[in-house]
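Engineer: need a 3D model of the following:
(one chain, ligands or ions: 1)
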Amino acid sequence: MDTMKAALMYGPGDIRVEQVEKPVCAEDGMLINIKAVGLCGSDIRHLTTDSRPGEYPCIFGHEHSGVIAEIGQKVKTDLKEGDRVFVSPVLPFPGAHAAMGGFAEYLPLSAWNLETSNVLPLPDDVPFERVIITEPLSSVYSCQDAVNVKIGQTVVVIGAGPVGCLHAALARARGASKVIVLELLDERLKMAEQFEPDHILRGADQLMDGADGDPVRAVLDLTDGRGADHVISANPSTVAQQQAVFMCAEGGVVTLFGGVPRGALTALDTNTIHYSSIWVYGHFGFSLEENRKAYDLICSGQFDGDKYVSRIMPLDGINEAVELARTGQVLKIVFNP
Ligand SMILES: [Zn+2]
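Structural biologist: Numbering: from 1, shown residues only. The predicted model follows:
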């Protein structure tokens, strides 16, 4: 039996790197030799909680790039074996066992995967590690398109993880005149500087009613008391979602981008939402077209993907990586399986 290395999740926080059976290439599918796979905030949530009850062990990882190892004989494509490619997230076939992800040496793509995911050729000068930023950028791109962040607007981003930093950089690229980033952790306050927002402020993990250090008050002060046109909550905190409403300008948009712990409820001040005519919008995901646009932004160099990759390590380091990312000591970690 041919084997491959993979990081298997056996339960919450129980991740083991093991040799498992190497997947075979279907006649109407492809087999990808994964060269780089990013550790995403959502992966950390899945890996540390009971995300797939009854389905362990399973393999996560959805920000991947690699080389085409095999193409099934029934597949019609211009791609060839040996081509370097970016592969957008692979959705489990409805009803199928969701065991396969990119934290492994090989990823099999079924015919259905080839229909519902992008497999895009990678220019020779774009490293595998850089292009994986396409995946988080796709959601960010899709979101800002949906809420129409535009020239001259003030945008607040709560959370300076990789996604928050992508939001800050994209808002700037779309012409926002003032970009304000809020973050709780020291390391990330420092890391946010390279994306050159106009203001980087320390967040707060509770509502502060205008007391010293209240991020709501700080945003109001920076906007002549108006609040921001857009407040994007890109973090897992219900308090940040509460604060977002109070930072938003009349007629502005509060976007809930980051997921909060399952079952957690946020108490929103609906009078503020009502009397200030605030839109509250939730965003998740992207279309294949938006994924392709984000891929173009990264591959053309218009968007500097390398800035978001803090560290590249072997897959064996996955437990250490989860800890480093969870505690905010790095932006994104990329594995070379
Ligand atoms: Zn992701």
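
Engineer: so residue 135 sits against residue 87, correct?
Structural biologist: No. Between residue 135 and residue 87 there is no contact under CB atoms under 8 Å: 9.5 Å. C-betas here are computed from N, CA, C, even on glycine.

Engineer: of these two, who's got more company?
Structural biologist: Using other CB atoms under 10 Å as the criterion, residue 135 and residue 87 rank with residue 87 on top: 29 against 23.

Engineer: bridge partners for that one, pull those for me.
Structural biologist: residue 64, residue 119 (DSSP bridges).

Engineer: can you pull the contacts of the residue of the stretch 1-150 of the chain found nearest the ion?
Structural biologist: Per CB to the ion, residue 40 is where the stretch 1-150 of the chain lies closest to the ion, at 3.0 Å. Counting by CB atoms under 8 Å, 6 or more residues apart in numbering, residue 40 touches 62, 63, 135, 136.

Engineer: shouldn't residue 260 be within a strand?
Structural biologist: No. Read with DSSP: H, G, I helix; E, B strand; the rest coil, residue 260 is coil and lies in no strand.

Engineer: confidence score at it?
Structural biologist: On the pLDDT scale, residue 260 is placed at 88.

Engineer: number the residues from 14 up from this point.
Structural biologist: From this message on, residue numbering opens at 14, which makes the last subject residue 273.

Engineer: state the mean pLDDT of stretch 179-187.
Structural biologist: In this model, stretch 179-187 has an average pLDDT of 97.

Engineer: which residues touch that stretch?
Structural biologist: So stretch 179-187 is contacted by 146, 149-150, 153-154, 156-157, 162-164, 166, 168, 170, 173, 192, 194, 205, 208-210, 243, 245, 247, 270, 315-316, 321 (CB under 8 Å, 6+ apart).

Engineer: excluding its backbone neighbours, what's nearest residue 191?
Structural biologist: Closest residue in space to residue 191, ignoring its immediate chain neighbours: residue 167 at 4.3 Å, by CB to CB, 6 or more residues apart in numbering.

Engineer: list the contacts of that neighbour.
Structural biologist: 189, 190, 191, 192, 193, 236, 239, 241, 242, 243, 262.

Engineer: look up how far residue 253 lies from it.
Structural biologist: Per CB to CB, to the nearest Å, residue 167 is found 17 Å from residue 253.

Engineer: host element of residue 303?
Structural biologist: helix 301-312 (DSSP states H and E).

Engineer: how about that helix and the ion, touching?
Structural biologist: No. Residues of helix 301-312 contacting the ion under CB under 5 Å from the ion: none, with a closest distance of 11.7 Å.

Engineer: centre of the chain to that helix, how far?
Structural biologist: 14 Å (CA atoms, centre = their mean, to the nearest Å).

Engineer: does residue 327 really touch residue 346, like I thought?
Structural biologist: No. Using CB under 8 Å, residue 327 is not in contact with residue 346; the gap is 11.0 Å.

Engineer: more neighbours: which of the two?
Structural biologist: residue 346 (23 against 12).

Engineer: tell me the bridge partners for the more buried one.
Structural biologist: Here residue 346 sits in beta bridges with residue 324, as judged by DSSP bridges.

Engineer: can you give me the strands in the stretch 14-163 of the chain?
Structural biologist: Using DSSP state E, counting those that start in this stretch, the strands of the stretch 14-163 of the chain run over 16-24, 27-34, 43-51, 76-84, 97-100, 119-122, 132-134.

Engineer: average pLDDT for the second one?
Structural biologist: Think strand 27-34. Strand 27-34 shows a mean pLDDT of 96 in the predicted model.

Engineer: for the fifth one, same thing?
Structural biologist: Here strand 97-100 scores 98 as its mean pLDDT.

Engineer: same deal with the fourth one?
Structural biologist: Computed over strand 76-84, the mean pLDDT rounds to 98.

Engineer: repeat that for the shortest one.
Structural biologist: For strand 132-134, the per-residue pLDDT values average out at 98.

Engineer: equivalent analysis for the first one, please.
Structural biologist: Across strand 16-24, the average pLDDT comes to 96.
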